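1. can you look at this prediction? I've put the sequence above it.
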Amino acid sequence: QVQLVESGGGLVQAGGSLRLSCAASGRTFSIYRMGWFRQAPGKEREFVAATSRSGGITYYADSVKGRFTISRDNAKNTVDLQMNSLKPEDTAVYYCAADSSMIWSDYRTTSRWNYWGQGTQVTVSS
């Protein structure tokens, strides 16, 4: 099993920045891809960003491309999400996800990720 714990959420004004971090423990050697999803009130959980073990493969949702950056530190078993130029529509609970799959055709599908953190709230005020 793999355990994921997020940190770094909070309240920020529009245009500001936040950095989320996710620490993995347990059978971390089995993890290939790690990513971030978010869920706003009344909406479904949606994909934000993902990266491979080496960091050589990254994907971003169109809504965050150019503003968010995902990075991974395998020595520390962490994956971070740097969020810049935040907008009120970025307000959501952000979840870290991990999986052993090396298939990228389904990375946007929440059911294709095995491990999830408990989530951290990000609120962007206008």
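-> Yep, it's here.
2. please make it C-alpha for all contacts and neighbour counts, starting now.
-> Noted.
3. quick one: end-to-end distance for stretch 60-70.
-> Start to finish, the residues bounding stretch 60-70 are 9 Å apart (C-alpha to C-alpha, to the nearest Å).
4. kindly report the same for stretch 97-116.
-> OK, stretch 97-116 end separation, C-alpha to C-alpha: 5 Å.
5. strands along this protein, start to end?
-> 2-7, 10-13, 18-26, 33-39, 46-51, 58-60, 68-73, 78-83, 92-99, 115-116, 120-125 (DSSP state E).
6. contacts for the last one?
-> Pointing back at strand 120-125 there. 6-14, 86-95 (C-alpha atoms under 8 Å, 6 or more residues apart in numbering).
7. partner strands of it, with direction?
-> strand 10-13 (parallel), strand 92-99 (antiparallel) (DSSP bridges).
8. tell me how far it lies from the chain's centre.
-> Remark: strand 120-125 is offset 14 Å from the chain centroid, using C-alpha atoms, centre = their mean, to the nearest Å.
9. cool, and the third one?
-> Its chain's average C-alpha position is 9 Å from that of strand 18-26, according to C-alpha atoms, centre = their mean.
10. and for the second one?
-> Taking the mean of its C-alpha atoms, strand 10-13 sits 17 Å from the chain's own mean (C-alpha atoms, centre = their mean).
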